[in-house]
Structure formats: structure tokens, C-alpha cells
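**Student:** need coordinates for the following:
(one chain, ligands or ions: 1)
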Amino acid sequence: MALYKTDAIVLGYRNLGEADKILTLFSPDKGKIHAVARGVRRPRNPILAGSQLFSYSKFLIVEGRNLDSISQCEIKESFYKIRQDLESMAYGLYFAELLRASTPMEDKNRELFRFFLKTMYLLQDSEDKEILSRIYEIKLMAIQGFTPEVFSCVNCGGKSSSRVYFSPSMGGILCYNCNNKDKRAVSITPDTISTLQKMLMMTYEELKSIDVNKYTREQLSEVLSLFISHHIDRKLKTVQFIKDIKKLNIKSGI
Ligand SMILES: [Zn+2]
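**Tutor:** Okay, here's the model as predicted:
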């Protein structure tokens, strides 16, 4: 039996049999993999903590004919703060779902791993999870090879236009003259374009104090969700979960 060691974050799981779980792990060495965690639904199991959602650990894994199984794990960061807070949990689930939906199995990508890990650290302490989510979306799509063109018109290359549209299917902005190239293109403000440009070009640190007004937030959310839906033909279940939690927070005045 071959053994291997790898760092990995738990992206999700499903129950197997009476006491096991099949974990979806994201590893810098292996990409997205599945591994069974035996007995982790029983108390005091030694790999229980490392099999929690979003836990980041060093794993020792035994290769199996059909499915690998976890032999040992050593926690590096439990990310318990994300699991403790309902809103953080909802965003964490969304980030993990978007990553899973846009990543093929066993496709090693260290840049993507570092980016995802960093996002989880930021989510733990973020006060503006909505904006963190927009930055995550555009940067994730860019790393996955789907960078939206937000600097010049995707059709004619023109740079200046007073009225601009965004076409998810053409992959970027359309100037006023070209907006008839896509009937489903949505009108966006210069403020939204400049925010998209910043989110794409600047680092998380540089974007730390970015101030975005309510209207621009709504446009960013609409445009990025259309762009993601165009590239990922799978309905993301966690999007509605975030909306439901926001409604709850508004009702209870949080
Ligand atoms: Zn144009």
C-alpha cells in the first residue's frame, strides 16, 4: 500500500455507512481529491478534528484501489471561527462550492491553493464579507483562466465610452456602439467598471479599505453572478443560503 503526505483543506464531505465520511480535500500537491475518513462520526476519533469542514491539516493518506483513506492528520489551522458564525459559514460554503465547481479532480494548482487558503484566513476576520466575496469571485475566475475584459470593449477594443455594458457571454465590457452585439448585455456604471478593474489588478491587502456604495455593490453582484453562471453550468446551492441569512440579519436588526 502506497502512502503519501499532503497538506489539504476540507472543502466538503458526505456520510458513508454508519460512521465514515468521504471528504473532498483540496491539496497544493494533488488538487481536488476524495478520501475516506473512517470512524469520524464517532466521538474521540483521532482524525475527527481534521475532518471538520474548512480544517487545514497535514494528512497521511493511504492509496486505495478505488478510494484513498486518511490514516493520520495533524491540524495546522482549524478555521473554527468560520464554522462558529452563521454568516461566515455561509460564505465559506459558497467559496468552497465555487472552487469545487470550477476545479477538475486531481488538477494540481499551487497558486489556486495559496489563493484559497488566504481567502479563508481573511474570511475568519472579515467585516465586509460581501466585498470579500466579490473579490474572491473575480480573482478565482481569473486564476481558472476566465479573466473578464474590463479595460476595453471586447468587440472593438475601444477604451472610452460614456455608457458601457457588460456581456457575460462575450466575456467583458461592450462600448455604447457595440452594445447591440449582445442583446443580453447589462448596463453598468463607470464606478462599477473601475471597481471591477481594481478587484482584478490589486491584491487583497491593497483592497482592504476599498469603499463601495450600495448601488455599485448590487451591480457587482449581478455582473459577477452572470459571468460565473456563464462559465459554470451548475446551479450553486449556497447562493440562496447567503441570501436567506442576509434576510434573517435584516429582520433581527443585526
Ligand atoms: Zn466597442
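
**Student:** show me what from the chain comes close to the ion.
**Tutor:** For the chain, the contact set with the ion under Cβ under 5 Å from the ion comprises Cys153, Asn155, Cys156, Gly158, Cys175, Cys178. C-beta here means a position set from N, CA and C on the backbone, and glycine is covered the same way.

**Student:** give me the buried entries from those.
**Tutor:** Buried by 16 or more other Cβ atoms under 10 Å: Cys153, Asn155, Cys175, Cys178, out of the residues of the chain next to the ion.

**Student:** max pairwise distance over the residues you listed: which two?
**Tutor:** Greatest spatial distance among these (Cβ to Cβ): Asn155 and Cys175, at 7.5 Å.

**Student:** Arg114 against Asp7, yeah?
**Tutor:** No: contact criterion Cβ atoms under 8 Å: Arg114 and Asp7 do not qualify, at 10.9 Å.

**Student:** these two: who's more crowded?
**Tutor:** Asp7 (18 against 12; other Cβ atoms under 10 Å).

**Student:** isn't there a strand covering that one?
**Tutor:** Yes: according to DSSP: H, G, I helix; E, B strand; the rest coil, Asp7 belongs to a strand.

**Student:** give me the number of residues near Leu16?
**Tutor:** 16.

**Student:** cool, the one 5 residues further on as well?
**Tutor:** The number of residues packed around Lys21, counting by other Cβ under 10 Å, is 22.

**Student:** any idea of the pLDDT on it?
**Tutor:** Note for Lys21: predicted pLDDT of 97.

**Student:** what's across from it in the sheet?
**Tutor:** Note on Lys21: beta-bridge partners by DSSP bridges are Asn15, Ala37.

**Student:** ok, now which ones touch it?
**Tutor:** By Cβ atoms under 8 Å, 6 or more residues apart in numbering, Lys21 lies in contact with Tyr13, Arg14, Asn15, Val36, Ala37, Val40, Arg41, Ser51.

**Student:** in CSV: those residues, plus pLDDT and neighbour count.
**Tutor:** Formatted as CSV, those follow (pLDDT from 0 to 100; neighbours: other Cβ atoms under 10 Å):
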residue, pLDDT, neighbour count
Tyr13, 96, 20
Arg14, 96, 10
Asn15, 96, 11
Val36, 97, 21
Ala37, 97, 24
Val40, 94, 23
Arg41, 93, 16
Ser51, 94, 25
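
**Student:** which one of these is nearest to Lys198?
**Tutor:** Tyr13 (35.9 Å).
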